[in-house]
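>>> just need the structure, nothing else, for what follows:
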Amino acid sequence: MADYREVATRLLAENMNAAPGETLLVVTDTDTNHIGRALFEAGVELSLESGLFEIPPMERNGMEPPESVARAMASADIVVCPTSASLTHTRAREAATEAGARVATMPGITDQMFSEGAITADYEEVERLTAALTEKLTAADEARIEVGDASATMSLSGRDGIPSDGIIAEPGDSGNLPSGESYIAPVEGTATGTLVFDGGLAGVGVLDEPLTVELDEGRIASVEGAAADEFLDATSGDDCARRVCELGLGTNPAASIIGTVLEDEKVYGTCHVAFGDNLGFGGTIDCDSHLDGVILEPTVSLDGEVVVDDGEVLV
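Predicted structure coming up:
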């Protein structure tokens, strides 16, 4: 297993392009504080003006952190968030990047993920694949996802794809670490058809059996499968939590399905569809929830062009 300090130093120096004298804020919680501490200590060694904020674990992905944390995030040059629940799709993250911070979120980070797998990827190759798919997502008007006999479509018209390639080097950049995905906010109310999740599911982990989700006018119409009750419970808070908000394509060859969506959704050749908030990346759904499901070997077409064929990326 890799040394935490070594991984943390490489992450700050290579992925975040940290320079001596910059300010670093680590936001962590009581379940992930050992990883947060490694990042803080690496920041000190790199001569960054380092601080650490430790909070209780948030109840679910997409919940806003305390206001004091949000203010601190917006005043730092570099923000790294190894936390149990995701701060990726929050107003706090959005305000920090608007203020010029470089923000890396690490929702659900585990000891295994911080030492092997996706975080060890060749990020130049991840950057190449991610850029190519992002360009195609931006240019497309419609996406079609097929798994066996099931298929779903959604409009992408007028929306821009977003790269998350693990290189967070410029002011205002943000993304997950480990990373490797191209994603987009589909046009609200347009997703229809059938999705079959058979990889990981946020809040559930690795799926032992496929979860079939019927979509109608951009919303969940019905769910079947062994994890159906858990899925419906996780999306029961607000009406917005059952609206389709994201389509993403995984681009990290070193990632594997481990039951944590942070890495699961980055697996090369997979796609993921999320439900809930997308206000921070080009959509209109303002929701205090964001839940992703992963499809292992889909065929994904953009305006009729196959860009992922049974789990093989064609760019």
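
>>> CA only for contacts and neighbour counts going forward, please
OK.

>>> for the one helix or strand residue 72 maps to, buried residues please.
Taking DSSP states H and E as the definition, residue 72 sits inside helix 67-74. Along helix 67-74, these residues count as buried under the neighbour rule (16 or more other C-alpha atoms under 10 Å): 69-70, 72-74.

>>> what's next to it, contact-wise?
25, 27, 53, 79, 92-93, 95-97, 99-101 (C-alpha atoms under 8 Å, 6 or more residues apart in numbering).

>>> now the helices for the protein?
4-10, 33-45, 67-74, 91-98, 123-139, 228-234, 261-264 (DSSP state H).

>>> quick check, nearest of the buried residues of helix 67-74 to residue 310?
Using C-alpha to C-alpha, residue 73 comes nearest to residue 310 of the buried residues of helix 67-74, at 40.2 Å.

>>> quick revisit: let's have the contacts of helix 67-74 in CSV, adding distance to residue 306, neighbour count and pLDDT.
Putting these into CSV (distance: C-alpha to C-alpha, whole Å; neighbours: other C-alpha atoms under 10 Å; pLDDT from 0 to 100) gives the following:
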residue, distance to residue 306, neighbour count, pLDDT
25, 41, 27, 98
27, 40, 28, 97
53, 44, 16, 96
79, 37, 28, 98
92, 36, 22, 95
93, 33, 27, 95
95, 36, 18, 96
96, 36, 25, 97
97, 33, 23, 96
99, 38, 16, 97
100, 36, 18, 97
101, 36, 27, 98
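
>>> returning to what we had before: of all the helices of the chain, which one is nearest residue 20?
Of all the helices of the chain, helix 33-45 sits nearest to residue 20, with 9.0 Å by C-alpha to C-alpha.

>>> tell me the mean pLDDT over the closest one?
Computed over helix 33-45, the mean pLDDT rounds to 96.

>>> show me what it is packed up against.
Counting by 3 or more C-alpha pairs under 8 Å, 6 or more residues apart in numbering; DSSP states H and E, the packing neighbours recorded for helix 33-45 are helix 4-10, strand 23-29, strand 49-55, strand 78-83.

>>> point out the most buried one among these.
Each of these was scored by mean neighbour count; the highest is strand 78-83, a mean of 29, by mean count of other C-alpha atoms under 10 Å.

>>> between strand 49-55 and it, find me the angle.
30 degrees (axes from the mean of the first three to the mean of the last three C-alpha atoms, to 10 degrees).

>>> pull the distance from strand 78-83 to the chain's centre.
The chain centroid and the centroid of strand 78-83 are separated by 14 Å, computed with C-alpha atoms, centre = their mean, to the nearest Å.

>>> quick one: contacts of that strand?
Strand 78-83 has contacts (C-alpha under 8 Å, 6+ apart) with 16, 18, 22-29, 31-33, 35-36, 57, 73, 87, 101-109.

>>> stretch 291-299 now?
Contacts for stretch 291-299 (C-alpha under 8 Å, 6+ apart): 61, 145-147, 196-203, 234-235, 241, 261, 264-265, 269-276, 306-312.
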